[in-house]
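>>> My questions concern the predicted model and sequence given below.
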Amino acid sequence: MDRMDLHSVMCVSDLARSLEWYAVFFGRAADEVIGEEHLWQVGENAYIVLDARDVRSTRVGGSMVTFGVTLGEFDGALERLAAHGIRHESVETYSNGVRHVEVLDPDGNSLSLAALPGGPS
């Protein structure tokens with residue numbers, strides 16, 4: 001297959017609460033709203049989509065996604081989360097130097113950040 005667009009859906013139970021939380025996580029409000037879905041563009045053709053419709057209720061809290069970020073973005077995100085009282089797991093540094101942290105949204109969906117060593121900051 002050639003390159004494709006990516007839309008990763010995060011099923012949530014409370015849209016208003018989740019919109020606030022994700023705005024803090026990404027440092028901005030949703031980039032687009034299509035129907036009842038709120039989208040953050042996270043790459044050239046990649047989006048995180050919040051969906052709180054009842055049809056998705058059995059999938060709430062089961063999503064996992066990892067974002068590759070620069071060291072500066074990694075540190076900036078942790079500072080922003082801390083300033084808003086959002087907790088995260090312990091920061092790990094792997095043997096190859098990658099820094100990794102997992103953050104759980106209010107429903108338990110996992111959003112991880114991974115930063116390569118020596119990359120742009």
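Cool, got the structure.
>>> Show me the shaky parts of the protein.
Of all residues in the chain, those with pLDDT under 70 make up the ranges 119-121.
>>> Give me the most central residue, it.
For the chain, the residue whose C-alpha lies nearest the mean C-alpha position (CA atoms, centre = their mean) is Leu111; its distance is 4.4 Å.
>>> Could you find the closest non-adjacent residue to that residue?
The shortest distance from Leu111 to any residue that is not its chain neighbour, by CB to CB, 6 or more residues apart in numbering, is 5.1 Å, and that residue is Val103. Backbone N, C-alpha and C define where each C-beta goes, glycine included.
>>> residues contacting that neighbour?
Phe25, Leu81, Ile86, Arg87, His88, Glu89, Ser110, Leu111, Ser112, Leu113 (CB atoms under 8 Å, 6 or more residues apart in numbering).
>>> Equivalent analysis for Pro106, please.
By CB under 8 Å, 6+ apart, the contact list for Pro106 reads Val12, Ser13, Asp14, Arg17, Ser18, Trp21.
>>> and those residues, which are buried?
For the contacts of Pro106, a burial check counting by 16 or more other CB atoms under 10 Å picks out Val12, Ser18, Trp21.
>>> for the one helix or strand the second one maps to, packing partners?
Secondary-structure element containing Ser18, defined by DSSP states H and E: helix 15-26. With contacts taken as 3 or more CB pairs under 8 Å, 6 or more residues apart in numbering; DSSP states H and E, helix 15-26 sits against strand 37-43, strand 46-51, helix 71-83.
>>> for it, the distance to its chain's centre please.
Offset of helix 15-26 from its chain centre (CA atoms, centre = their mean, to the nearest Å): 10 Å.
>>> Pick out the most distant pair among the contacts of Pro106.
Every pair in those was compared (CB to CB); the two farthest apart turn out to be Ser13 and Trp21, at 11.8 Å.
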